[in-house]
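Engineer: how does the following fold in three dimensions:
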Amino acid sequence: MLENIVELLIEWYEENHRILPWRASKNPYYIWISEIMLQQTRVEAVRPFFERFIKALPQVEDVAVCPEEQLLKLWEGLGYYNRVRNIQKAAIRIVEEYGGRLPADYEKLKDLPGIGNYTAGAVASIAYDLPVPAVDGNVLRVYARIMEDDSDILKQSVKTKVEKEFLEIMPGSRSGTFNQALMELGAMICVPNGAPKCEQCPVAQYCQARAHGTALDLPVKKKSKERRKEEKTVLVLRDGERVAIRKRPSKGLLAGLYELPNLEGYLSEEEILSWVEEQELTPLQIVPLVDAKHIFSHVEWDMKGYLIRVAALEESADPKMIFAEIREVEKEYPIPAAFQAYAEQIQMRLGQDKYR
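Structural biologist: Below you'll find the predicted structure:
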């Protein structure tokens, strides 16, 4: 079955693929960075982040020596910050062991921090024309529908099976094109969260799910564990143009990033003002802000916010607290998107918005 789709998909891709900055060449560094960014993030959202990152760090060597805060700032807005930390760990090894060029070897690529089967397959096939598969969520969905396979695609055993089946039909030096065609088909035609565009599919004649009307039932994903919910009170402490931020711990969620001060639970205005005074600050005014929510992979923050105007922000009882101009925060301090709603309240732009 699968061997029948190879030529049709390649022909379709060559005529219909999107023009993307990381596809302009077979630069393995560009392909690697784009694939890491595309984890958990849509293609159109990634474009400005990719261009910003490559402009600031055009070579692997630049990533290897980049100060951590600058690296995190360049990643601001993409989330899942361990991804960029692993990029730097891998870059250091690439410089030390491979002279600054990603190895043209699937197993050696997989041995680098943050690079799994899929990313290794993408780099190896697209950059180096090696006949190895690159199976991501889009490819798993395409496979499940063509083969009408109701296995749970979140199981590693299922992904391994799919990788083996695609390995058997890799078209030699055109494997990179074939892998990209599968990804593109899943992203543009055999789409998630809705009806696939079967009338536009170049391999519809071979699709068993289409033939039997089961496309919307596939792929099968086991229901994920319910997220833990946490209630937080977020404080926007202002003194004229300055705002208070503080650095998060070096380990755990959003490690090493900067945040707006926040407290566990929903606090009353009296409790908030008492806390502000404990920080050796003088509150002048407190104003409720919008409620906000941010969803991480395993936890959900439900937040209530307050703007507190205080007398001169110079120092507080908390040594981790920093008072900085809003424009300075935008330029120098990586703030996670979890605080986007409150940043907007003080016209502080985070991540992508800053670079439009």
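Engineer: skipping its backbone neighbours, what lies nearest Lys293 in space?
Structural biologist: Closest residue to Lys293 apart from its sequence neighbours, by Cβ to Cβ, 6 or more residues apart in numbering: Asp302 at 5.5 Å. Backbone N, C-alpha and C define where each C-beta goes, glycine included.
Engineer: and the one you found, which of the three is it?
Structural biologist: Look at Asp302: counting by DSSP: H, G, I helix; E, B strand; the rest coil, its state is strand.
Engineer: quick one: end-to-end distance for stretch 73-80.
Structural biologist: Start and end residues of stretch 73-80 are separated by 13 Å (Cα to Cα, to the nearest Å).
Engineer: OK, contacts around Ala215?
Structural biologist: Contact analysis of Ala215 by Cβ atoms under 8 Å, 6 or more residues apart in numbering lists Arg145, Ala195, Pro196, Cys198, Cys207, Ala209.
Engineer: how about a cut-off of 7 Å?
Structural biologist: Shown in contact with Ala215 (Cβ atoms under 7 Å, 6 or more residues apart in numbering): Arg145, Pro196, Ala209.
Engineer: buried ones in the longest helix seen in the chain, by neighbour count?
Structural biologist: Ranked by number of residues, the top helix in the chain under DSSP state H is helix 82-98. Neighbour-count burial for helix 82-98, counted by 16 or more other Cβ atoms under 10 Å, picks out Arg83, Val84, Arg85, Ile87, Gln88, Lys89, Ala90, Ala91, Ile92, Arg93, Ile94, Val95.
Engineer: show me where the chain has its strands.
Structural biologist: Applying DSSP state E to the chain gives strands spanning 228-239, 242-247, 258-259, 262-264, 283-295, 299-310, 321-325.
Engineer: looking at these, spot the one closest to Asn138.
Structural biologist: Closest of the strands of the chain to Asn138 is strand 283-295, at 21.7 Å (criterion: Cβ to Cβ).
Engineer: so which elements touch the closest one?
Structural biologist: Other elements packing on strand 283-295 under the criterion 3 or more Cβ pairs under 7 Å, 6 or more residues apart in numbering; DSSP states H and E are helix 269-278, strand 299-310, helix 340-345.
Engineer: chain center to it: distance?
Structural biologist: 27 Å (Cα atoms, centre = their mean, to the nearest Å).
Engineer: can you list the strands that that strand pairs with?
Structural biologist: strand 299-310 (antiparallel) (DSSP bridges).
Engineer: check the offset of the strand it pairs with from the chain's centre.
Structural biologist: Centroid separation between strand 299-310 and its chain, computed with Cα atoms, centre = their mean, is 24 Å.
Engineer: buried residues in that strand?
Structural biologist: Residues of strand 299-310 classed as buried by neighbour count (16+ other Cβ under 10 Å): Trp301, Met303, Lys304, Gly305, Tyr306, Leu307, Ile308, Val310.
Engineer: can you pull up the bridge partners for the fifth one?
Structural biologist: Partner residues in beta bridges with Tyr306: Leu235, Pro288, with DSSP bridges as the criterion.
Engineer: ok, it - contacts?
Structural biologist: Tyr306 neighbours (Cβ under 7 Å, 6+ apart): Leu235, Val236, Ile272, Ile286, Val287, Pro288, Leu289.
Engineer: how deep is the spatially closest residue to Ala24 that is not a sequence neighbour tucked in, by neighbour count?
Structural biologist: Nearest in space to Ala24, with sequence neighbours left out and distances taken as Cβ to Cβ, 6+ apart, is Tyr30 at 7.9 Å. Residues lying near Tyr30 (other Cβ atoms under 10 Å) number 22.
Engineer: where in the stretch 101-250 of the chain is pLDDT low?
Structural biologist: Within the stretch 101-250 of the chain, no stretch falls below the threshold (pLDDT under 70).
Engineer: for it, what spans make up the helices?
Structural biologist: For the stretch 101-250 of the chain, the helices defined by DSSP state H, counting those that start in this stretch occupy 106-110, 117-122, 128, 137-147, 156-167, 175-188, 208-212.
Engineer: what is the second one packed up against?
Structural biologist: With contacts taken as 3+ Cβ pairs under 7 Å, 6+ apart, helix 117-122 sits against helix 28-38, helix 106-110.
Engineer: please export the C-alpha coordinates of it as PDB.
Structural biologist: Once non-C-alpha atoms are left out, helix 117-122 reads as follows in PDB (Å, rounded to 0.1, in the frame of the first residue of the first chain):
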ATOM      1  CA  ASN A 117      14.200  10.100  16.000                       C
ATOM      2  CA  TYR A 118      12.100  12.600  14.100                       C
ATOM      3  CA  THR A 119      14.500  15.600  14.200                       C
ATOM      4  CA  ALA A 120      17.400  13.300  13.300                       C
ATOM      5  CA  GLY A 121      15.400  11.900  10.400                       C
ATOM      6  CA  ALA A 122      14.500  15.400   9.200                       C
END
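Engineer: ok now it, how far from the chain's centre?
Structural biologist: For helix 117-122, the distance to the chain centre is 16 Å (Cα atoms, centre = their mean).
Engineer: what's the helix or strand following it in contact with?
Structural biologist: The helix or strand immediately downstream of helix 117-122 is helix 128, counting by DSSP states H and E. Where contact means Cβ under 7 Å, 6+ apart, the residues beyond helix 128 that reach it are Ala104.
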